[in-house]
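>>> Fold the following, please.
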Amino acid sequence: MCKDPAMVFGDDGRHRLAVLVREGVLPLELGLVHQLFGAARTADGTPLYEVVSCGVEAGAIPTDADFTVTAPHGLEALDEADTVLVPASHALDETRPGDGPVPPALRAAHARGARLASVCTGAFVLAAAGLLDGLRATTHWLSCDRFARQYPAVSVDPAVLYVDEGRVLTSAGEAAGIDLALHMIRRDHGAAVAADVARRTVVPPHREGGQAQFIARPVPSSRGPSTDAARTWALRRLDRPVTLADMAAQASMSVRTFTRRFRDETGLSAAAWLTHQRVERARELLEQTDLPVDRIAERAGFGTGASLRAHMRAALGVSPSTYRATFRGPSG
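Residues are numbered from 1 along each chain as shown. The predicted model follows:
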């Protein structure tokens, strides 16, 4: 998805992200937002986001652990935010998500053009404010049934990691907040910046939003059969034909066993995973090289520029040339 100029950036060139901290906030979610967005930088090291924490009022806020955090700002911070992110607060989300001044403040932020996002059960707060009506959304899979009952106007998807509806985004459990943050950084600043943030924080650079929240069968132990070697092999030859039978052979499995094991380990079919990896390779080449589109299509394994254009439009909603013009770094 191409970045939306209407939502970036502030007067100083940085995107202002306000994190709404409420009583019972999950510390992991609060920390990961600051860590990931705070690590997004230009090539010369300039921060791309200004991340600020705010509460209903400024001051100490109890977490769901045995310590408090201090929010230096109150809800007035939402007035100047380009993005407002709502981490989970299990003490409030499923019982009193519409209480107090938070929903009106979120509606006001949305009305003036801010982007809104939630992690885990923070989606209840967005829904209580009426900001998810008529949209797809997700939350932690354990809370999806309650969410669907409380908010029938929202189309809840219990199986995905995150849902991007443009100006409103929702994500599943705590770790899915990492995927959402990287997706938002990628959407704002491109694949290279998001990949750099992932490397700095030692997390996977990209999991598709449509990937399953959890895997029904356990991932095989390191001593058991795995598709990891086949995936590594495929990544090294994205510019060449790779078939399901080829990958199964690399894992020394039958195609049937490999297909089942691959989905168990990644949440995706081998074909969907391979297409995603090729799109990611194309994005990197568009951002970092002067290669023509047809040559990038060959190196990413799509064969022709027409095929690359079709896949990028399906995955990102933009053409390769538009993507390059949007995300190409000044040193590229």
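>>> Buried residues, the biggest helix by length in the chain. List them.
Ranked by residue count, the top helix of the chain under DSSP state H comes out as helix 270-288. Within helix 270-288, the residues scored as buried using 16 or more other CB atoms under 10 Å are 270, 272-288. (Each C-beta comes from the backbone N, C-alpha and C, glycine too.)
>>> same for the very next helix or strand once past it, what does it pack against?
Later in the chain than helix 270-288, the nearest helix or strand by DSSP states H and E is helix 293-300. In terms of contacts (3 or more CB pairs under 8 Å, 6 or more residues apart in numbering; DSSP states H and E), helix 293-300 is packed against helix 270-288, helix 305-316, helix 320-327.
>>> could you dump these to a markdown table with mean pLDDT?
Converted to a markdown table, the helices and strands packed on helix 293-300 look like this (pLDDT from 0 to 100):
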| stretch | mean pLDDT |
| --- | --- |
| helix 270-288 | 92 |
| helix 305-316 | 92 |
| helix 320-327 | 86 |
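>>> so which of the ones you listed gets nearest residue 81?
Comparison of these against residue 81 by CB to CB identifies helix 320-327 as nearest, at 22.5 Å.
>>> quick one: that closest one to chain centroid distance?
20 Å (CA atoms, centre = their mean, to the nearest Å).
>>> Does anything pack onto that helix? Which helices or strands?
Applying 3+ CB pairs under 8 Å, 6+ apart, one finds that helix 320-327 contacts helix 270-288, helix 293-300, helix 305-316.
>>> got JSON lines for these, with distance to residue 164 too?
As requested, the helices and strands packed on helix 320-327 are exported to JSON lines (distance: least, CB to CB, whole Å):
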{"stretch": "helix 270-288", "distance to residue 164": "15"}
{"stretch": "helix 293-300", "distance to residue 164": "23"}
{"stretch": "helix 305-316", "distance to residue 164": "11"}
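>>> Only alpha carbons, please: show stretch 274-283 as CSV.
Extracted in CSV, the C-alpha atoms of stretch 274-283 (Å, rounded to 0.1, in the frame of the first residue of the first chain):
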residue,chain,number,x,y,z
LEU,A,274,6.7,-17.7,-2.4
THR,A,275,4.7,-14.9,-4.1
HIS,A,276,5.0,-12.8,-0.9
GLN,A,277,8.8,-13.2,-0.9
ARG,A,278,9.0,-12.2,-4.5
VAL,A,279,7.0,-9.1,-3.9
GLU,A,280,9.3,-8.2,-1.0
ARG,A,281,12.3,-8.7,-3.2
ALA,A,282,10.8,-6.5,-5.9
ARG,A,283,10.1,-3.8,-3.3
